[in-house]
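A.B. asks: give me a 3D structure for the following:
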Amino acid sequence: MFFRTKFLTATALVCALSTPAFAEGPDASTVVATVNGTDITLGHMIATKRNLPEQYQQLPDDVLFQGILDQLTQQTVLSGSIGDDVNAETLLVLENERRAILAGLAISRAVDAAQTEDAIVAAYDAQYAGAEPETEYNASHILVETEEEAAELVTRLEAGEDFAELAREKSTGPSGPNGGSLGWFSKGMMVPSFEEAVIALEADGVSAPVETQFGWHVIKLSETRLKDAPAIEDVREELAAGLEAAAIEGAITALTDTATITRNEDEAITPDLLSTVTFDMEH
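C.D. replies: Predicted coordinates for the structure are as follows:
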């Protein structure tokens, strides 16, 4: 076979198998092959395709069809050869797989219910509607080791020397070769003492020496601007991700809070049992 897949994952089965309504013709229940009395349906093949790695899903259907059918045929023959001779660990793995698939389905339904267009618009309005435009700052700095060095730089700047030239000559920071330029940034992107000094400056103003954990800075504010709220399409994925996270957490919390959960408090059940208890693997 030209590819292999693992057990169907929660993600694969969460995608509901849906086919167009045919007055006549194949649908997901259509039997494509029968192996020792076990039917392989078109639905089985579609579910397998949806669980393939992305690079295989891009292949044309006429390439995939026979490969998927061969794979399912071979898996059916192989699994049928086991009969009832299945060891305990395998049975537990199958149980865990089923549990994971159904849990994934529950999560998918919760997310689908939460990620509506109305919910995305409401999340956008809650985060951005009525918000004050954010101020952004374009600044440069010269980083040196001591306060004395920084004070000397301030004196030289007051005497009319060029800030960018001094930055290239004296700064020990990575922005030095670029004249000390830090580009545009907003509140929260710089360490507090540096940020406070920038906010206190007027355009083209130069700060007194400012200390941070990196050393001593002399800062020049070039200009400021107001940043408007982004368009909803620019943040749609971010908003949808937030709704998804909230939906998953909400579903798990609600179901867990109402579930009857009893944990065995026997002191003999210790973490090391995960590595010391073994299964009978003779089968």
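A.B. asks: buried residues in stretch 28-41?
C.D. replies: For stretch 28-41, a neighbour-count test (16 or more other C-beta atoms under 10 Å) marks 32, 40-41 as buried. Backbone N, C-alpha and C define where each C-beta goes, glycine included.
A.B. asks: for this structure, which helix is longest?
C.D. replies: What stands out as the longest helix in the chain, according to DSSP state H, is helix 88-114.
A.B. asks: buried stuff in that one?
C.D. replies: For helix 88-114, burial by neighbour count (16+ other C-beta under 10 Å) applies to 101, 104-108, 110-111, 114.
A.B. asks: average pLDDT for that helix, rounded please.
C.D. replies: Regarding helix 88-114, the rounded mean pLDDT is 96.
A.B. asks: follow-up on the earlier one: so which of the buried residues of stretch 28-41 sit within strands?
C.D. replies: Judged by DSSP state E, strands contain the following of the buried residues of stretch 28-41: 32, 40-41.
A.B. asks: can you redo those residues as a markdown table with pLDDT?
C.D. replies: A markdown table is the format used below for these (pLDDT from 0 to 100):
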| residue | pLDDT |
| --- | --- |
| Val32 | 97 |
| Ile40 | 97 |
| Thr41 | 97 |
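A.B. asks: reformat those as TSV; add distance to Val191.
C.D. replies: Below are these laid out as TSV (distance: C-beta to C-beta, whole Å):
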residue	distance to Val191
Val32	64
Ile40	62
Thr41	61
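A.B. asks: any chance you could map the strands in the protein?
C.D. replies: Using DSSP E, strands in the chain cover 31-35, 38-41, 134-144, 181-186, 210-212, 215-227.
A.B. asks: which one of those lies closest to Thr276?
C.D. replies: Nearest to Thr276 among the strands of the chain is strand 38-41 (38.8 Å), distances taken as C-beta to C-beta.
A.B. asks: my read: Pro68 touches Thr48, true?
C.D. replies: You called it Pro, but residue 68 is Ile. Yes. Between Ile68 and Thr48 a contact is recorded at 5.1 Å, counting by C-beta atoms under 8 Å.
A.B. asks: okay, those two: which has more neighbours?
C.D. replies: Set Ile68 next to Thr48 and count neighbours by other C-beta atoms under 10 Å: Ile68 wins out with 24 against 21.
A.B. asks: so which elements touch the longest helix of the chain?
C.D. replies: helix 10-14, helix 236-258 (3 or more C-beta pairs under 8 Å, 6 or more residues apart in numbering; DSSP states H and E).
A.B. asks: now Phe65, nearest residue through space, not along the chain?
C.D. replies: Met45 (7.4 Å; C-beta to C-beta, 6 or more residues apart in numbering).
A.B. asks: quick one: contacts for that neighbour?
C.D. replies: Going by C-beta atoms under 8 Å, 6 or more residues apart in numbering, Met45 touches 32, 65, 68-69, 72.
A.B. asks: mind checking which of those are in helices?
C.D. replies: Reading helices off the contacts of Met45 with DSSP H, I get 65, 68-69, 72.
A.B. asks: tell me the one of those residues nearest Gly183?
C.D. replies: Closest to Gly183, out of all of the ones in helices among the contacts of Met45 and judged by C-beta to C-beta, is Ile68, at 51.4 Å.
A.B. asks: surely Gly215 meets Thr172?
C.D. replies: Yes. Between Gly215 and Thr172 there is a contact at 6.9 Å, judged by C-beta under 8 Å.
A.B. asks: what touches both of these two?
C.D. replies: By C-beta under 8 Å, 6+ apart, Gly215 and Thr172 have these common neighbours: 143-145.
A.B. asks: any buried residues in stretch 150-166, and which?
C.D. replies: Of all the residues in stretch 150-166, those buried under the rule 16+ other C-beta under 10 Å are 150, 153, 157, 163, 166.
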